[in-house]
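Peer 1: Attaching a predicted model along with its sequence, questions to come.
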Amino acid sequence: MRQEDPVAPHPQAPSAPQAEREAMRRALTLAARGLGSTSPNPVVGCVVLDRARRTVGEGWHQRAGGPHAEVHALAEAGDDARGGTAVVTLEPCDHTGRTGPCSRALVDAGVARVVYAVADPGPGAAGGARTLAAAGVDVEGGLLADEAAAGNVAWLTSVLRGRPYVTWKYAATLDGRTAAADRSSRWITSAEARADVHRLRAESDAVLAGSGTARADDPHLAVRGIPGAVQPLRVVVDSEAAAVGAGARVLDSVAPTLVAVARDADAAALEGALRDAEGEAALLRLPRASEGPGLDLGALLAALHARGVRSVLLEGGATLAGAFVAAGLVDRVVGYLAPVLLGAGPAALGEAGISTIAQALRLTVSETVRLGPDLRITAVGGAAPGTAHAAGHVATTATAGAKKPSEQPEES
């Protein structure tokens, strides 16, 4: 508890709208600290203001199953929360799961006003706005809703589309090459850009690569250099069960690994390698794609979603990336561009089912950042789920390539 008189005059106290907006921006920053560690739950930040609109408590949802953001903030605020305002990035929950309802915690703390950014959008949502209002708490939603929805896009995609949010990451030269023609290029981008990729991994629940990358690069796919990071699930799409063998780096003990293969693939050798793996490793059998090579990507995402994965970082393979684009399953693209020209060599994106300019996937650039000599460009396709209707009036969207009842994955 902060030792300040909650009713004492404050000569420079900001106006209520200004104080709440500033508190919400701080709450958004706090919420982002939970990226990569809260799934299948959302990331949430909370700031508690006292009656004089001074910050007396802060908190964020740190891990799934742990106290919610409001509980952390109220604990820090103590009695100073009574008569004050709680500013939260997501509508406080109203259900009891592994933790109690935050709406009740706010009422019990004596909070007089709650301001939230995004309403709980799920069908039959258990948001606490009505409960708070019924208890006499002044409730307002929608403050900085678009920013909050963008920060929680993985969870919102899960709720509204029934699948994980997919980010395709690639590194290339200015002319779109990922390696030289003779494959001699080990690194295209700088150390700064490569370090930033580990940040992306740390913020993701799963990192995904294809069989071509597994054979050519023997990737590790784990997070390095990020203190306290929760290691993501490493996923290799190995349709024919021929790319991951004994001693592969993804089979070490640093992070869990899932190898997805076709139902009819001969996986005897792979199963042996998984049994002998240093760490946790499992086999996932999936139906093949109805058109073209590879696996049914909708079924793959459904299987990952069932495991609690809410965000996927697609890292390896132009062929696999093209298949995701063709299936309409890429939500965000993060490209690391080096000021290098090669003129020949493998392209970043493989066949994506686009034959005319009219079919081109048009994206919106959301961010550009310099990383050493390189440039990171982030682009998104369409509005993030929940941004256009952040007050909660959003209809569930069908998932492209969603698995059918006959396409249940088999895991061993």
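Peer 2: Thanks, I have it.
Peer 1: make it CA atoms for all contacts and neighbour counts henceforth
Peer 2: Will do.
Peer 1: Gly127 is in contact with Cys93, isn't it?
Peer 2: Yes - counting by CA atoms under 8 Å, Gly127 does reach Cys93; the two are 4.8 Å apart.
Peer 1: Now do the shared contacts for the two.
Peer 2: Common neighbours of Gly127 and Cys93 (criterion: CA atoms under 8 Å, 6 or more residues apart in numbering): Asp120.
Peer 1: Walk me through the domains of the protein.
Peer 2: 16-151, 162-411 (automatic domain parsing).
Peer 1: Show me what counts as buried in the longest helix anywhere in the chain.
Peer 2: In the chain, taking DSSP state H as the definition, the longest helix is helix 16-31. Neighbour counts over helix 16-31 (16 or more other CA atoms under 10 Å) mark Ala19, Glu20, Arg21, Ala23, Met24, Arg25, Arg26, Ala27, Leu28, Thr29, Leu30, Ala31 as buried.
Peer 1: Kindly report the same for stretch 286-298.
Peer 2: Within stretch 286-298, the residues scored as buried using 16+ other CA under 10 Å are Leu286, Pro287, Arg288, Ala289, Gly294, Leu295, Asp296, Leu297, Gly298.
Peer 1: Then stretch 190-201?
Peer 2: The neighbour-count check on stretch 190-201 (16+ other CA under 10 Å) flags Ser190, Ala193, Asp196, Val197, His198, Arg199, Leu200, Arg201 as buried.
Peer 1: of those, closest to Ala149?
Peer 2: For the buried residues of stretch 190-201, the residue nearest Ala149 by CA to CA is Leu200; the value is 18.3 Å.
Peer 1: could the domains of the chain go into TSV alongside mean pLDDT?
Peer 2: Listed next are the domains of the chain as TSV, based on pLDDT from 0 to 100:
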stretch	mean pLDDT
domain 16-151	93
domain 162-411	88
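Peer 1: For the buried residues of stretch 286-298, please prepare TSV with the additional fields secondary structure and distance to Ala135.
Peer 2: Below are the buried residues of stretch 286-298 laid out as TSV (DSSP: H, G, I helix; E, B strand; the rest coil; distance: CA to CA, whole Å):
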residue	secondary structure	distance to Ala135
Leu286	strand	50
Pro287	coil	51
Arg288	strand	53
Ala289	coil	53
Gly294	coil	55
Leu295	strand	52
Asp296	coil	49
Leu297	helix	46
Gly298	helix	44
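Peer 1: thinking Ile377 is in contact with Val365, fair?
Peer 2: Yes - with contacts counted by CA under 8 Å, Ile377 reaches Val365, the gap being 7.1 Å.
Peer 1: How much space separates Gly308 from Ala64?
Peer 2: Using CA to CA, to the nearest Å, one gets 10 Å for the distance from Gly308 to Ala64.
Peer 1: Same check on Ala129?
Peer 2: Ala129 is 22 Å from Ala64, by CA to CA.
Peer 1: Likewise for Gly57?
Peer 2: Distance from Gly57 to Ala64, by CA to CA: 21 Å.
Peer 1: Looking at those two, which one has more neighbours?
Peer 2: Per other CA atoms under 10 Å, whichever of Gly57 and Ala64 has more neighbours is Gly57, with 24 against 17.
Peer 1: does the more buried one count as helix, strand or coil?
Peer 2: Under DSSP: H, G, I helix; E, B strand; the rest coil, the three-state class of Gly57 is strand.
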